[in-house]
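# Kindly return the folded structure for what I paste below:
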Amino acid sequence: MKEQLTAAGLSYLRHAVTCAAVLYMSGITDPKVLANAFIAGLVGPLLKAIAPNEKQFGINSTSTTKKGK
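Predicted structure coming up:
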């Protein structure tokens, strides 16, 4: 379970950092705008996390079952 949470967290972080980096590389350096882009970058992965039919990181993910069962 810990490995799955770590993988999900890193996935969300990569997505959010990418959103902010794209704006920064295009010349937008306003910290408030970059912070908003970072937060907006978390929306997609969080929606994926709460989707009941998502297989990888969703609420009803089958990978959260205990090994050996």
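# ok, Tyr12 - how many residues close by?
Counted with other C-beta atoms under 10 Å, residues neighbouring Tyr12 total 19. Where C-beta positions appear, they are placed from N, C-alpha and C, glycine not excepted.
# Could you say which helix or strand holds it?
helix 2-25 (DSSP states H and E).
# Excluding chain neighbours, give the residue nearest to the residue positioned nearest the centre of the chain in space.
Against the mean C-alpha coordinate of the chain, by C-alpha atoms, centre = their mean, the closest residue is Tyr12 at 1.9 Å. Closest residue to Tyr12 apart from its sequence neighbours, by C-beta to C-beta, 6 or more residues apart in numbering: Pro45 at 4.2 Å.
# tell me the contacts of that neighbour?
8, 11-12, 15-16, 57 (C-beta atoms under 8 Å, 6 or more residues apart in numbering).
# got it, and Arg14?
With C-beta under 8 Å, 6+ apart, Arg14 has no contacts at all.
# so how far is Gly41 from it?
Distance, Arg14 to Gly41, by C-beta to C-beta, to the nearest Å: 9 Å.
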